[in-house]
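> coordinates only, sequence not included:
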């Protein structure tokens, strides 16, 4: 290795050590020599650096509710008169059935009854499921009505919910059952 190459490497190493020492000083809060009028006249100490660890990550703010975080499950919330929401209601050609699912907003409770009602020309078909509490709603899950209980045509679909503390019916939707 030539003398010039060794000099370049040495200068690079010294520069790297200088950056590490500066990082340590900044991390420790040292900003340089004390002002001339400082009352502490003790000799400055030389920092010794054996290893430099990366600074700890700074926590970032996250959107969300403020205040203490609850560690216990939230109590059941009941709603009195409620309006369930139909998430979807459609003809399932592969399953040869009408399928629907929904939830009850503003209510968090388990054990209530969800009733899917289909009406067409005076014929009414109902299926039920047991509701389950979700994080912020009550979930009715998926409900299905097999083709054998339905005739071809347009069916009006509603989702009802009934529990000890809440009851109500969704806005209607329609499903076309093919011939």
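Sure thing, it's come through. Keep in mind it's a predicted model, so treat the numbers as computed, not measured. Numbering: from 1, shown residues only.
> in the protein, which spans are helices?
Along the chain, counting by DSSP state H, helices occupy 3-28.
> tell me the domain ranges of it?
Here the chain is described, according to automatic domain parsing, as comprising the domains 1-32+48-53, 80-177.
> Reformat the ones you listed as CSV; add mean neighbour count and mean pLDDT.
Every residue, glycine included, has its C-beta placed from N, CA and C. As requested, the domains of the chain are arranged in CSV below (neighbours: other CB atoms under 10 Å; pLDDT from 0 to 100):
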stretch, mean neighbour count, mean pLDDT
domain 1-32+48-53, 10, 44
domain 80-177, 17, 97
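> Residue 125 is in contact with residue 145, isn't it?
Yes - with contact defined as CB atoms under 8 Å, residue 125 reaches residue 145; the gap is 5.6 Å.
> so what sits against both of the two?
residue 118 (CB atoms under 8 Å, 6 or more residues apart in numbering).
> so the closest residue to residue 137 other than its chain neighbours bridges to which residues?
Among residues not flanking residue 137 along the chain, residue 103 sits closest, at 4.5 Å (CB to CB, 6 or more residues apart in numbering). For residue 103, the beta-bridge partners are residue 85, residue 139 (DSSP bridges).
> Distance check, residue 103 against residue 93.
Counting by CB to CB, to the nearest Å, the gap from residue 103 to residue 93 is 25 Å.
> again with residue 174
Distance of residue 174 to residue 93, given as CB to CB: 17 Å.
> Go ahead and confirm residue 136 touches residue 107.
No - taking contacts as CB under 8 Å, residue 136 lies outside contact range of residue 107: 9.4 Å.
> From residue 82, how far out is residue 141?
17 Å.
> Just to check, residue 168 is in contact with residue 105?
No - taking contacts as CB under 8 Å, residue 168 lies outside contact range of residue 105: 10.6 Å.
> Please identify every residue contacting each of these two.
82, 83.
> which one is residue 128 nearest to, not counting chain neighbours?
In space, residue 128 is closest to residue 115, 5.0 Å off (CB to CB, 6+ apart).
> Sorry, slip of the keys, the one I care about is residue 135.
Nearest non-adjacent residue to residue 135 (CB to CB, 6+ apart): residue 108, at 7.7 Å.
> For the one you found, list each beta-bridge partner.
Counting by DSSP bridges, residue 108 is bridged to residue 77.
> Verify the stated contact: it with residue 137.
Yes - counting by CB under 8 Å, residue 108 touches residue 137, with 6.7 Å between them.
> just to revisit the earlier point, any idea how far the residue nearest to residue 128 is from residue 96?
Separation of residue 115 from residue 96 (CB to CB): 22 Å.
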